[in-house]
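1. With the sequence up front, the predicted model follows.
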Amino acid sequence: MIRMAITRINVGPIHPSTHGVARLVVDVDGDTIVNVEPHVGFLHRGVEKLTETRMYMQAPPYMEKLDYFAPMAYNDAYVAAVEAAMDIQPSEKAKYVRTILLELQRLASHLVSIGTLCNDLGQMFTGFMWAFKDRDIILDLLQEATGSRMFYVNMRLGGLHSELPADFEEHAITTMNYIEKRIGEYESYIEKNTVFMERMKGVGVLSSEDAKALGVTGPVLRASGINYDVRKNSPYYAYSKLYFNPKVMLQGDNFSRYKVRMMEMRESARLVKAAIKAMPDGAATGMPVKLRSPNAVNKVSVVSREVPRGECMMYLVADPQKPYRLSIRSPSMVNLAAISHIAKGARFADLFSIFGTLDVVLGCVDR
Amino acid sequence: MKAERDSLPATVGKMATEGYDYLVKITAVDYVDHIDVLYVVRDIAASKDQILEVALAPQDLWVPTIMSIHPSADWYERELSEMFGIRIDGRSAPRLFLEKWDGVDPPLRKSFKWDVPYRTKETESK
């Protein structure tokens, strides 16, 4: 066998398959990846430091820009940390409404992940167009509920900015029935494609031991056989009252990561319908923005939320006027760090299928 | 839970054998008179978290690396070093992670000055 010299290839920072601004320095021996070194920081805005200069409810717009595919989820994690610092409990109705909106956000985010993955793997463009069309229908629902399609800033201390409109529940149930039907169509279309399956099954394997050691989270962790989901293990809002099972696969390959997201979408649609049926009466609106502040100095609150990309932990040290320190655990960051390990030994062309199944958002990595 | 800096790798290693083998996060808080470095570790099977706090004096900022126990500490330690100016003992100078800062104080320290002029090609040449 002729051994070739190691060649260094730069991927990005502007590259369609990195889904953002990331640079991967890849060493290859022929077609085999020897080493991958991710370079991040191109989108660093200093969000954690900026938060220290703002009043509590001036920070949510920064939180929403962490992950532009699931902004509400990060806003919710931050508001929950502030609520914990101020000993505020959302109303029962608000807990259900938040659960519904966060699951809709998960659906919208996973649809982007699946759609762009189809594009990355040469399934142009049916999967991508289907996913974005269906995501638009979810965004219609979120627009009805919040007035916005992209950045919502609808979380308030103790609840939300506004009540759900009168016909939202009926519209949401009809949409969820449609989405459940569509997920079956996605699976039968995508999983019958030989090219897609060849590049997914048995490629980019991450064992459960390595997944734990590398600290990966969310669907990437569950696809490697580790059953941990914050919604189940430390339930919040309505998750403790709704029947729900985390989706787990054992193989840890690209296909498992894709399949876990598919199963989670089906579960999200089911959860939305169940939460609507069980939603109690009452008010969901929270407090006016400026009214409250914690009455202690350096009060620590630690809150974890299962956002679409994994666990987002907010470590907040609260002062009476402003956050003294906010530390954000970015799920995309830990998942991206694992690519050096996962891609080693894979073919160069598979780098993009691996990257796609990690579902990284660079705004969240860089903060 | 308070931890001693010198025995940190031993403490983290012992906890890992007791089930706390998943590193959630490493971060720090600058309280001006001291800096707390925080290690959040998890026992996944029991759904329990522990936070280890290592207090550092501002004039003696270093912690030992825990990468041999938790490989996932890599990026967190690089961030700690860059954002707080904390030296990670046992690792060579970490590669640039998020940003290059030329000011006196690292960005997440309370002594960080916001009014440091932004560097441009023009100001550099003066």
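-> Right, received. Where do you want to start?

2. hey, where'd the strands end up in chain A?
-> Using DSSP state E, the strands of chain A run over residues A:6-11, A:14-15, A:20-21, A:23-29, A:32-39, A:155-156, A:159-160, A:299-307, A:310-318, A:323-329.

3. Can you check the pLDDT for B:D6?
-> pLDDT recorded at B:D6 is 86.

4. and chain B, which residues reach chain A?
-> For chain B, the residues found near chain A under the criterion C-beta under 8 Å from any C-beta of the partner chain are B:21-25, B:27-31, B:38, B:40, B:44, B:47, B:49, B:51, B:70-72, B:74-75, B:96-99, B:107-108, B:112, B:114. In this view, the C-beta of every residue, glycine as well, is placed from N, C-alpha and C.

5. What strand or helix carries the one residue sitting closest to the centre of chain B?
-> Residue closest to the mean C-alpha point of chain B, counted by C-alpha atoms, centre = their mean, is B:L80 at 3.1 Å. Assigned by DSSP states H and E, B:L80 falls within helix B:73-84.

6. Check which helices and strands that helix sits against.
-> Secondary-structure packing of helix B:73-84 (3 or more C-beta pairs under 8 Å, 6 or more residues apart in numbering or on different chains; DSSP states H and E): helix A:331-337, strand B:22-30, strand B:87-89.

7. got the angle for that helix vs strand A:323-329?
-> Here helix B:73-84 runs at an angle of 150 degrees relative to strand A:323-329 (axes from the mean of the first three to the mean of the last three C-alpha atoms, to 10 degrees).

8. contact partners of helix B:73-84?
-> A:333-334, A:337, B:23, B:25-28, B:30, B:35, B:37, B:61, B:63, B:65-67, B:86-88, B:91, B:94-99, B:101, B:106-109 (C-beta atoms under 8 Å, 6 or more residues apart in numbering or on different chains).

9. That helix - what's its average pLDDT?
-> Confidence for helix B:73-84, expressed as mean pLDDT, is 90.

10. Same check on stretch B:15-28?
-> 93.

11. Return the residues in contact with the residue of the stretch 1-150 of chain A found nearest chain B.
-> Going by C-beta to the nearest C-beta, chain B is nearest to A:G41 of the stretch 1-150 of chain A, at 4.1 Å. For A:G41, the contacting residues are A:D366, B:L96, B:F97, B:L98, B:E99, by C-beta under 8 Å, 6+ apart.

12. could you dump those to a markdown table with distance to A:M263?
-> Shown next, in a markdown table, are those (distance: C-beta to C-beta, whole Å):
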| residue | distance to A:M263 |
| --- | --- |
| A:D366 | 30 |
| B:L96 | 39 |
| B:F97 | 34 |
| B:L98 | 34 |
| B:E99 | 38 |
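
13. can you list the weak-confidence ranges in chain A?
-> A:1-4, A:18, A:124, A:288-297 (pLDDT under 70).

14. what sits against the nearest residue to the residue of the stretch 1-150 of chain A closest to chain B once chain neighbours are set aside?
-> Distances taken as C-beta to C-beta, 6 or more residues apart in numbering or on different chains place B:L98 nearest to A:G41, at 4.1 Å, with adjacent residues excluded. Going by C-beta under 8 Å, 6+ apart, B:L98 touches A:V40, A:G41, A:H44, A:D366, A:R367, B:E79, B:E82, B:M83.

15. Stretch A:227-242: end-to-end distance?
-> In stretch A:227-242, first residue to last residue: 18 Å (C-alpha to C-alpha, to the nearest Å).

16. Now tell me what touches it from outside.
-> A:80, A:90, A:95-96, A:98-99, A:102, A:221-222, A:244-246, A:248, A:271, A:274-275, A:278, A:304-306, A:311, B:44, B:47.

17. how near is the closest residue to chain A within chain B to B:V24?
-> Among all residues of chain B, B:S72 sits closest to chain A, at 3.0 Å; criterion: C-beta to the nearest C-beta. B:S72 is 9 Å from B:V24, where distance means C-beta to C-beta, to the nearest Å.

18. joint contacts of these two?
-> Common contacts of B:S72 and B:V24, defined by C-beta under 8 Å, 6+ apart, comprise A:G215.

19. burial count for A:Y237?
-> Burial of A:Y237 is recorded as 22 neighbouring residues (other C-beta atoms under 10 Å in any protein chain shown).

20. Can you read off the backbone torsions of it?
-> The phi/psi pair for A:Y237 (degrees, to the nearest 10) reads phi 50, psi -130.

21. and the residue nearest to the centre of chain B, how far is that from A:R325?
-> Per C-beta to C-beta, B:L80 is found 13 Å from A:R325.

22. re earlier: so what's the residue nearest to A:G41 scoring on pLDDT?
-> The model reports B:L98 with a pLDDT of 76.

23. so it sits in a helix?
-> No. According to DSSP: H, G, I helix; E, B strand; the rest coil, B:L98 belongs to no helix; its state is coil.

24. so A:P71 touches A:K65, yeah?
-> Yes. With contacts counted by C-beta atoms under 8 Å, A:P71 reaches A:K65, the gap being 7.1 Å.

25. where do the contact lists of those two overlap?
-> Residues touching both A:P71 and A:K65 by C-beta under 8 Å, 6+ apart: A:F151.

26. between these two, which one's more packed in?
-> Each of A:P71 and A:K65 has its neighbours counted (other C-beta under 10 Å); A:P71 has more, 24 against 18.

27. How about the contacts made by that one?
-> With contact taken as C-beta under 8 Å, 6+ apart, A:P71 is in contact with A:M63, A:E64, A:K65, A:Q105, A:M150, A:F151, A:Y152.

28. repeat for A:Y96
-> Shown in contact with A:Y96 (C-beta under 8 Å, 6+ apart): A:Y237, A:A238, A:A275, A:A278, A:M279, A:P280, A:A284.

29. Please tell me how far the closest residue in space to it that isn't next to it in sequence sits from A:A131.
-> Leaving out its chain neighbours, the residue that sits closest to A:Y96 by C-beta to C-beta, 6+ apart is A:M279, at 4.3 Å. From A:M279 over to A:A131 the distance is 28 Å, taken as C-beta to C-beta.

30. Who has more neighbours out of these two?
-> Taking neighbours as other C-beta under 10 Å, A:M279 and A:A131 compare with A:A131 leading, 23 against 19.

31. That one reaches A:A108, doesn't it?
-> No. Applying C-beta under 8 Å as the test, A:A131 and A:A108 come out as separate, 9.8 Å apart.

32. nearest spatial neighbour of A:G159, skipping sequence neighbours?
-> A:G286 (3.2 Å).

33. Touching, the one you found and A:A94? I think so.
-> Yes. With contact defined as C-beta under 8 Å, A:G286 and A:A94 form a contacting pair (6.8 Å).

34. Could you tell me which residues touch both of those two?
-> Counting by C-beta under 8 Å, 6+ apart, the residues touching both A:G286 and A:A94 are A:G158, A:G159, A:L160.

35. Tell me the one among those residues nearest to A:K259.
-> Ranked by distance to A:K259 (C-beta to C-beta), the shared contacts of A:G286 and A:A94 are led by A:L160 at 32.9 Å.
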